[in-house]
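S.K.: Build me a structure from this.
(chains A and B)
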Number of protein chains: 2
Amino acid sequence: MKNGSPVTLGGSADFSLSPTLRQLSIDLFDRLRETSLDGVGVSRETYGASETAAFELIEHYARDFDLDVEWDSARNLIVRLPGTDPSQASVATGSHLDSVPEGGNFDGAAGVVAGLAALIDARERGTPLRSMQLYALRGEESAWFGGPCYFGSRALFGALKPEDFASPHRNGRKTLEDSMRESGADIDLLKRGDAILDPTRLACWFELHIEQGPVLIAREKPVGLVTGIRGNVRHRHVYCHGEAAHSGAVPRWLRHDAVLAMSDLLVRIDEHWRVLLEWGEDLVVTAGVVETNPAEHAVSRVPGEVTFALEYRSQDPKTLESFGALVQSECDQIGAKRGVQFDLGPQSFTESATMSPPLIGLLESICATHDVAHEVMPSGAGHDSSVFANAGVPSAMVFVRNDKGSHNPHEAMDFEDFFLATQILSEAMWHAANEQEDYRS
Amino acid sequence: MKNGSPVTLGGSADFSLSPTLRQLSIDLFDRLRETSLDGVGVSRETYGASETAAFELIEHYARDFDLDVEWDSARNLIVRLPGTDPSQASVATGSHLDSVPEGGNFDGAAGVVAGLAALIDARERGTPLRSMQLYALRGEESAWFGGPCYFGSRALFGALKPEDFASPHRNGRKTLEDSMRESGADIDLLKRGDAILDPTRLACWFELHIEQGPVLIAREKPVGLVTGIRGNVRHRHVYCHGEAAHSGAVPRWLRHDAVLAMSDLLVRIDEHWRVLLEWGEDLVVTAGVVETNPAEHAVSRVPGEVTFALEYRSQDPKTLESFGALVQSECDQIGAKRGVQFDLGPQSFTESATMSPPLIGLLESICATHDVAHEVMPSGAGHDSSVFANAGVPSAMVFVRNDKGSHNPHEAMDFEDFFLATQILSEAMWHAANEQEDYRS
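M.R.: Below is the predicted model of the structure:
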């Protein structure tokens, strides 16, 4: 605290974004919203015209502030403030600009706006040792091409797979490859798997993002510092096969009720989850989709089958593995007890990512210095940062308190919280850009 | 046993339907099947042409055997063997002739064929004291007019309600009233609620029916004697309202997961059910239809709502009432614990019925005399007999062992079991028709 002003929940009064950058952020969010209104919320389609319009808006603002601008082969946009020593690895930040259909204006865009503000703020401070970069990334959302995501960040590290290019658009009329080509991406280069970016050329990576959960609201803290990004295991169609029967005429001892077996399984899983949390594990478990078979179910019929989705997430790959074994063991036990069979079906796996402890430490010390109430917490949602972290770039994330979740037009981020988080980002980047510190060690 | 032949599982060798009546039964089942084949199974539509064709077939056979025949105002068919004392109440049997769409040939029809055989058998024995009657009943199945059922038997006692007449046919193009009118029923009389039959004019009622559950197969017994018909309480749409949320970003302590709450409820209900059975209560419980909301569910979304059906049945109305209170109490408790609301929605109630202990005793003594292995058991499915019993007619039912359930073309009744059960029916009716015994006492 420079002037001894009273401590507030949001940090010391003078630790705050400049009026210019506040106004710039508000204007930029307004312009982004205007370019992408869809009648319900905003739609910035992965590698679509509405996404490109948002990119061009950022480019326009960056040029206005005399920052260098470059489009890469995947049509990501890189905004650059050159440092004094080009031999040094750069300090980078960024996030994505696409949104889900009828989504909110802040999911993704907040990190790009904050990054632009941080670079402008840095230029005001002088010239850094290391170059500072903002990556506006393409296609982070899975909503447009049926599941796969992180196209822009994965392209940086040559990690797009043949099946990514073939992913069908939700309208069924084109593939990701078609959309990328229309956007001007160099498909041949990307298909060869050539990396666009050498990860060792980044000293560290920061991403600011709205929290997509309710933890910061519940904890009454404006900012979160992320310890890791949960990986997940998904079984989209777990099938429980019992035996359909007359609901009145079949006594309990002759039943093989699929719904009761599923309920038994989910309650046991829920109880294991509770105990594992007390044990200190990081875990969330969800059965989000449940359906008996409409072709044969009835109020007066013992259900012979039920399908349900099962997803579990953890920052710790070992937890995911052990939990998977526990689920299978419960399926076997309940199956034997109730005379039903569980078939977990195909399983998809998304890697978890660990954020860099030295970078978390840097962010914590900034918060401590400026009395910013913050929560150290996992990210349950996936982010481009996991791609950077798993490519070997020391990474960290700053969450901004946000009400009403994300992926909907009602997401509610208070600008004061955003300004505070942006100031933390700016401070951290300026620090990292002027130190020789190797966050890889 | 008249000749001391060795006892078999199915009863003593000479306790058996005559070769003539065996052949008659087989022929009649064949003819019924022929008149109602639908390509998959048989369809005898409630108050439809295919049902009427089956009635006319029974009428034709009854006339061939010189039995009196009459159609009542609801177009039920009554076949009569007059007794020597017209002042005495009659002994009656019967069942329904309609089937579900693509149903089996024995559900319902077995009781009509058996009743006809019993009357012919009685005429061979001589002239009974009381008149003996067979009721071939209309419209027992709920499949054709969207839920309501027992139209023929309820009409006998003036118990059809205005909403019954307005019930829409499953094809959506007519009502029950239209179909009844086409079949020649006296709608005006039925709408006035005039009884066709004075229940005190029936000394007792018997119904033979295939078992619709697997108990007799599991117990390896050819015949069941029914203690009562389970009533039921149905909640077609129980709604559990929680809170939808991001499946990764929301920790366990901030969730209000509707599917886990439902699972918790169903497992508790299942456990109560188990304990109540050990306590000696009669109960079956089913949640046959479950669905998360397709408009908002997703693999990566904590389910904010789920709907499910809940049905429970018991012979004992007090058990139904107490179990309902227990369910509500569990809903409240789980709702408070998990921060969700359960709404049980509208409830429908079908009365249970108690079979007459003296008549069950009569049937048991016949089985004992002839060494017929039998199970004394509840009926979980509804039957016209519940209408007779609840109108005050002492009633009893004989179940015939049947594999693969009912309401499907795969129902599998062994003719030997049918002949045995028919012989029991015939014996019981002949006994009752020649005794002064008042089964009402």
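
S.K.: The stretch 151-300 of chain A: strands as residue ranges?
M.R.: In the stretch 151-300 of chain A, the segments counted as strands under DSSP state E, counting those that start in this stretch are A:202-210, A:223-229, A:231-241, A:245-246, A:284-286, A:290-292.

S.K.: Just name the most buried of the ones you listed.
M.R.: strand A:202-210 (a mean of 28; mean count of other Cβ atoms under 10 Å in any protein chain shown). Glycine gets a C-beta too; all of them are placed from N, C-alpha and C.

S.K.: Go ahead and measure how far stretch A:75-92 is from the middle of the chain.
M.R.: Relative to its chain's centre, stretch A:75-92 lies at 24 Å (Cα atoms, centre = their mean, to the nearest Å).

S.K.: ok so, going back, can you put the strands of the stretch 151-300 of chain A in CSV and add distance to chain B?
M.R.: Converted to CSV, those look like this (distance: least, Cβ to the nearest Cβ, whole Å):
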stretch, distance to chain B
strand A:202-210, 10
strand A:223-229, 9
strand A:231-241, 6
strand A:245-246, 5
strand A:284-286, 4
strand A:290-292, 5
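
S.K.: Where among those strands is average confidence lowest?
M.R.: Note on those: strand A:245-246 shows the lowest mean pLDDT, a mean of 90.

S.K.: Now do that strand: which elements does it pack against?
M.R.: strand A:301-302 (3 or more Cβ pairs under 8 Å, 6 or more residues apart in numbering or on different chains; DSSP states H and E).

S.K.: so what strands line up beside the strand it packs on?
M.R.: In the sheet, strand A:301-302 lines up against strand A:245-246 (antiparallel) (DSSP bridges).

S.K.: that older thread, out of the strands of the stretch 151-300 of chain A, which is closest to residue B:350?
M.R.: Among those, the nearest to residue B:350 by Cβ to Cβ is strand A:245-246 (14.6 Å).

S.K.: gap between that closest one and the chain center?
M.R.: Distance of strand A:245-246 from its chain centroid, counting by Cα atoms, centre = their mean, is 46 Å.

S.K.: Contacts for it next, please.
M.R.: Identification of contacts with strand A:245-246 by Cβ atoms under 8 Å, 6 or more residues apart in numbering or on different chains yields A:254-256, A:300-302, A:304, B:212-214, B:380-381, B:405-407.

S.K.: Equivalent analysis for stretch A:416-423, please.
M.R.: Contact partners of stretch A:416-423, identified using Cβ under 8 Å, 6+ apart, comprise A:10-11, A:15-17, A:21-22, A:25, A:106, A:110, A:113-114, A:117-118, A:208, A:222-223, A:372, A:398-402.

S.K.: which stretches of the stretch 251-400 of chain A form helices?
M.R.: For the stretch 251-400 of chain A, the helices defined by DSSP state H, counting those that start in this stretch occupy A:258-278, A:317-338, A:357-369, A:384-390.

S.K.: just checking, what packs against the shortest one?
M.R.: What it means is helix A:384-390. strand A:90-96, helix A:151-156, strand A:202-210, strand A:223-229, strand A:353-354, strand A:395-400.

S.K.: so which of those gets nearest residue A:336?
M.R.: Set against residue A:336 and scored by Cβ to Cβ, the helices and strands packed on helix A:384-390 come closest in strand A:223-229, at 36.8 Å.

S.K.: what is the orientation angle of that closest one with strand A:395-400?
M.R.: Orientation check (axes from the mean of the first three to the mean of the last three Cα atoms, to 10 degrees): strand A:223-229 against strand A:395-400 gives 140 degrees.

S.K.: tell me the angle strand A:223-229 makes with strand A:202-210.
M.R.: Here strand A:223-229 runs at an angle of 120 degrees relative to strand A:202-210 (the same axes, to 10 degrees).

S.K.: And the residue of the stretch 251-400 of chain A found nearest chain B, how far from residue A:293?
M.R.: The nearest approach of the stretch 251-400 of chain A to chain B comes at residue A:380, 3.1 Å away (Cβ to the nearest Cβ). Using Cβ to Cβ, to the nearest Å, one obtains 31 Å as the distance from residue A:380 to residue A:293.

S.K.: With that, I have no additional questions.
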